[in-house]
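A.B. asks: Sequence below, structure please.
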Amino acid sequence: MNSQPKIPTLGQRNTQKIFGAVELYSADFVFEHKNEQKFNHVTYVDFLEKMLSHFYHKGKRIFLIQDNASYHKKSETYEWFMSHRKYIEVFNLPPYCPELNAAERIWHHARVKATHNRYYDTKDALCNALFETFENIQKKPQSIKNLIAPPL
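C.D. replies: Numbering: from 1, shown residues only. I've put the predicted structure just below:
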């Protein structure tokens, strides 16, 4: 008879703040860990700069599909989009539609591979497990391609 695994815990959540973006056809993935307590428009724009330098190829605009996080809709964020509209165009998903967000599938994959039924006694151990999972995705994008591929 199988029983529920018992995983030690400190009784508190140890969440990490990680931005991520994925190119749908190649599964090229970029992520950035933030040490701040919460995301905001400053941390998001900082990530957008990194994402732009990673994904932009001369003459090929980026079409960014984002969810409805409050910092995505801040006026300062839209000012950044306006000043970079030559390189990137943004589209917002409908509210409460995580199934349409390819990044959500990567987060789920990372939880299954790195955090489900596992105990990490330090923040660094948790982060290392997550980073290793994300780096594996970067090295072997085919491992997630079927999770994120858009319908033909």
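
A.B. asks: ok, then the element right after the longest helix along the chain?
C.D. replies: Looking across the chain with DSSP state H, the single longest helix is helix 123-139. Scanning forward in sequence from helix 123-139, with DSSP states H and E defining helices and strands, the next element found is helix 142-148.

A.B. asks: got the contact list for that following helix?
C.D. replies: If you take C-beta atoms under 8 Å, 6 or more residues apart in numbering as the criterion, helix 142-148 is touched by 22, 24, 27, 29, 102, 105-106, 109, 136-137. Glycine gets a C-beta too; all of them are placed from N, C-alpha and C.

A.B. asks: Now a ChimeraX select for only the buried ones of those residues.
C.D. replies: Only the buried members of the contacts of helix 142-148 enter the following ChimeraX selection, criterion being 16 or more other C-beta atoms under 10 Å:
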select :22,27,29,102,105,106,109,137
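
A.B. asks: hmm, which two among the contacts of helix 142-148 are most spread apart?
C.D. replies: Longest distance between any two of these is 18.9 Å, between Leu24 and Asn136; criterion C-beta to C-beta.

A.B. asks: what about Lys58, distance to Ile65?
C.D. replies: The spacing between Lys58 and Ile65, counted by C-beta to C-beta, to the nearest Å, is 22 Å.
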